[in-house]
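Participant: just the structure for this:
(2 chains)
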Amino acid sequence: MRFVGRAPRRYWLIALGVIVFAGLPTQVTSFQSLEWAEVLIFAIVIMGLNLLIGYSGQISLGHGAFMAVGAYTTAILVHRYHVEYLVTIPIAGLLTGLVGFFLGIPALRLSPLYLALATFALAVITPSLIKRPENLTQGTQGILLPPQQPPDWASSTFAAVTGGPAMTSDQWLYYLCFIAAIILFWVAWNVVRRRPGRALMAIRDGEVAAAASGVNVAGYKTLAFGLSAFYAGVAGALYALATGFVSPDTFPVSLSFQLLVGAVIGGLGSIAGPLFGGIFTFWLPIISSQFVQTQDWIPDQVASVFKNAGPAVTYGALLILIMIFAPNGLAGLILSAYARLRSRLRGVGERTSGQLPPDPQTV
Amino acid sequence: MDEFLQQVLSGIAAGGIYASLALALVLIYNAMGLVNFAQGEMAMFIGGIVIQRIVIRPVERAPVLTLVIVTLGLATLINGLAGFFFGYLPRSFPSPFSVQTVDILGAAASWQDLGVMAVSGVVLVLVFFMLQRTSVGLAMRAAAHNPEASRLLGIRVSWMLALGWGLASAVGAVSGIMVAPILYLEPNMMQTVIIYAFAAAVLGGIESPLGAVIGGLIVGVTVNLAGTYLPGVGGDLQLAVAFAIIIAVLVIRPNGLLGRRAMRRA
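Facilitator: Model prediction:
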C-alpha cells in the first residue's frame, strides 16, 4: 500500500470527485438525480468541445447540432427499430463522429474562422433540417421515448446500499451518464497526455512549426473534430434517453452558444474545466431565473422580462469578461489561486500551465 | 417567364441587403482578420465605435480564437439586451417604401424591392468612394494592411480600426433597417440574415469588398430561385441552400471568386 501515500495530490481530488458523484443519487431526490444527469451530459459534450477548442485550437459553434444527430440516432433506433437502448449510445457516438469528420474536411483546409462559420451555419439550419424527413423524425411533433427501467442487479444493489426503495429509472439514467462521463473523461485525459495530445497542442501553438516537426496537421485536426463530434453524439444519445423526448426545438442555436460559454467558463485546455462548465451551463439559467423570481423588491414586469433575457445577457457578459480577464476559465482561476497559496505557504515558485495559445504572429 | 423574372428581381433586392451585411463583415475582416459574429446583432444598434473601444480594444492583440469568442459573447449580449428592452414579440416595422408594384419587362416588381435595391446600391457606392478616394479611406486601408508602417507614418492605427468598426456597423445598420419591414422586428431577426451574408462573403472571397457585393447578389438570386423552383426546398430550407453554398465554395474554391490566395504565416 505504499503507492497510496505517494499518489499525486490530484489523484486524491479525482477520487473525491468520483465518490461524491457516485453517491449523489443516494442523497438527493429522484428528480434531482435527473437534473444532475443533465449536468454530466453537458460536461461530456463540453469535454468534446474542450478537446477541440482548448487542445487543438479550432472552434465549433455547431456542437448543439452534433448533439441533435446523436439524440435523433438513438431516438429513431429505439422508437422505430426497437433496438436495445444501450447499444444505440455507441452507435450514435460513432455516427456523429463520422458526420463531424466529413464536415471537418472542407473547413479544416483553412483558418479556424471558416470552421466557425460552417459550424455556425450548421447550428442555425439544424432545426429545419430535422423537421423535413417527417416519417423518420416525426417533424415538429418530436419523438417520445419510454423511461428506461434499471436492470435488476443495479436496482437490488442500489436498494441494498441505501437500504431504501429500489432504483428509479431517473437514478439509473444518472448512473448511465456517470459511467459514460468517467469513461470519456478518462479517454480524454489519456488522449491529451500522449502522442495525439502533444501533436494537437503543437498544432494549436504553431501550425507551421508542428508541420515542420513532422506532425500530420490536417490528419490530426480532422481527427480532433471527429473525436469531438463523437463526444457530442454520445451526450446527445444520453440526453434523448434522460429526457425521454427529442424535438427540433430541443436543439436551437442558443444551445451551441451555451455549450461554448460552458467550455470557456469552465476552462479551456484543462481536464477538470468541462465539469465546471457542465455544472455552470445547466444551473445558471435555472438559478438566475429562480433567483429573480423570488426577489420581492424587483417589479413583476422586470422579473418576467429578465426571465427571458437574463440568461442571454449574463452569458454574453460573462463570455466577454472571462475572455478579457481570465482566459483560462474557472479551472484556471482555481489552479492559479492554489499555486499562489502554495507559493505563499512554502515559497515555491508559481507554475503556469494550460495557457491559451499565444498570438501566432508574435511567435 | 414573368414569374422567373420576378423571382430574380426580388432575389436581387434581398441580395442587396446580404451584400451590405457581407460588406460590413469584409470591412472588419480586413481590419482585424476576424469574422464578426456580432455583425447581425450590431445592425440593430448603431454603436460600432463605442463597442470597439470598450470590448474589442482590450483583446485586440489576442489570438483569433479569443476574438471570435468575444464577438459571439457580444452577439448574445446584444441579443439578450434587445429582448430585454423591446420584448421577444415580433413587431412589424413600417416600410419607407410602398408595397405597390410596378411593371418591368412584364414582371411585377414592388416599390419595396426597388427601393431596397436603390438604397443598397447607394450605400455600396458610398463605401467604395470613401475607401478608395478619400484620405481617411486610404489611412484605414493602410492601417489594416500594415499597422506598424502606418503607425510610423503618423496614422492612429487603433482609431482607424475603431472607425472601421463604426463604418461596418453603419453599413450593417442600413441592412438591418431594410430587412426589418420584410422579416418583422424581433431580437433573432438577424440570425438568418447573417448566414446569407456569411455565404456572400465567403463566395466573393472574404477579403474582397467587391466580391462581397457580387457574392451577395448571387446568393440572393440563387436562394430565391432555389426556394421557388427546386422541389423540396421551399421557404424553410432556403438557409440550407446558403449552407450548401458555403461548403461548396470551401471545397471547390476556398478563396472565393475574387479573393487572393491565402498565405499562411507562422
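Participant: same for the longest helix anywhere in chain B, what does it pack against?
Facilitator: In chain B, assigned by DSSP state H, the helix with the most residues is helix B:2-32. Counting by 3 or more Cβ pairs under 8 Å, 6 or more residues apart in numbering or on different chains; DSSP states H and E, the packing neighbours recorded for helix B:2-32 are helix B:39-42, strand B:107-110, helix B:111-133, helix B:135-145, helix B:157-183, helix B:189-204, helix B:209-229. Backbone N, C-alpha and C define where each C-beta goes, glycine included.
Participant: to chain A, which of these lies closest?
Facilitator: helix B:189-204 (5.2 Å; Cβ to the nearest Cβ).
Participant: the longest helix of chain B vs helix B:135-145, what angle?
Facilitator: 70 degrees (axes from the mean of the first three to the mean of the last three Cα atoms, to 10 degrees).
Participant: buried ones in helix B:2-32?
Facilitator: Neighbour counts over helix B:2-32 (16 or more other Cβ atoms under 10 Å in any protein chain shown) mark B:6-32 as buried.
Participant: so where is the stretch 151-266 of chain B shaky, pLDDT-wise?
Facilitator: B:180-190, B:232-236, B:259-266 (pLDDT under 70).
Participant: for residue 78, what is the enclosing helix or strand?
Facilitator: Answering for chain A, as no chain was given. helix A:63-81 (DSSP states H and E).
Participant: sorry, I should have been clearer: chain B.
Facilitator: Per DSSP H and E: helix B:64-86 holds residue B:78.
Participant: which neighbouring elements make contact with that helix?
Facilitator: helix A:112-131, helix A:253-266, helix A:300-325, helix B:39-42.
Participant: do the helix holding residue A:78 and chain B meet?
Facilitator: No: shown here: helix A:63-81 not in contact with chain B (Cβ under 8 Å from any Cβ of the partner chain), separated by at least 10.9 Å.
Participant: for that helix, which helices and strands make contact with it?
Facilitator: helix A:30-50, helix A:85-108, helix A:112-131, helix A:134-137, strand A:143-144, helix A:217-243, strand A:245-246, helix A:253-266.
Participant: residue B:177: which of the ones you listed is closest?
Facilitator: helix A:112-131 (22.2 Å; Cβ to Cβ).
Participant: which helices and strands does that closest one pack with?
Facilitator: By 3+ Cβ pairs under 8 Å, 6+ apart, helix A:112-131 packs against helix A:63-81, helix A:85-108, helix A:253-266, helix B:64-86, helix B:189-204, helix B:238-252.
Participant: quick one: buried residues of the second one?
Facilitator: Put plainly, it is helix A:85-108. For helix A:85-108, by 16+ other Cβ under 10 Å, it's A:85, A:88-89, A:91-97, A:99-101, A:103-108.
Participant: so can I have CSV of the helices and strands packed on helix B:64-86 showing distance to residue A:42, mean pLDDT and mean neighbour count?
Facilitator: Listed next are these as CSV, based on distance: least, Cβ to Cβ, whole Å; pLDDT from 0 to 100; neighbours: other Cβ atoms under 10 Å in any protein chain shown:
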stretch, distance to residue A:42, mean pLDDT, mean neighbour count
helix A:112-131, 16, 81, 24
helix A:253-266, 6, 84, 26
helix A:300-325, 14, 70, 18
helix B:39-42, 25, 66, 28
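Participant: now these in CSV, with distance to residue A:231?
Facilitator: Formatted as CSV, the helices and strands packed on helix B:64-86 follow (distance: least, Cβ to Cβ, whole Å):
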stretch, distance to residue A:231
helix A:112-131, 15
helix A:253-266, 11
helix A:300-325, 21
helix B:39-42, 29
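Participant: out of those, which is closest to residue A:290?
Facilitator: helix A:300-325 (9.3 Å).
Participant: packing partners of whichever helix or strand comes after that closest one?
Facilitator: The helix or strand immediately downstream of helix A:300-325 is helix A:329-346, counting by DSSP H and E. Other elements packing on helix A:329-346 under the criterion 3+ Cβ pairs under 8 Å, 6+ apart are helix A:253-266, helix A:273-294.
Participant: what is the last one packed up against?
Facilitator: This means helix A:273-294. By 3+ Cβ pairs under 8 Å, 6+ apart, helix A:273-294 packs against helix A:30-50, helix A:253-266, helix A:300-325, helix A:329-346.
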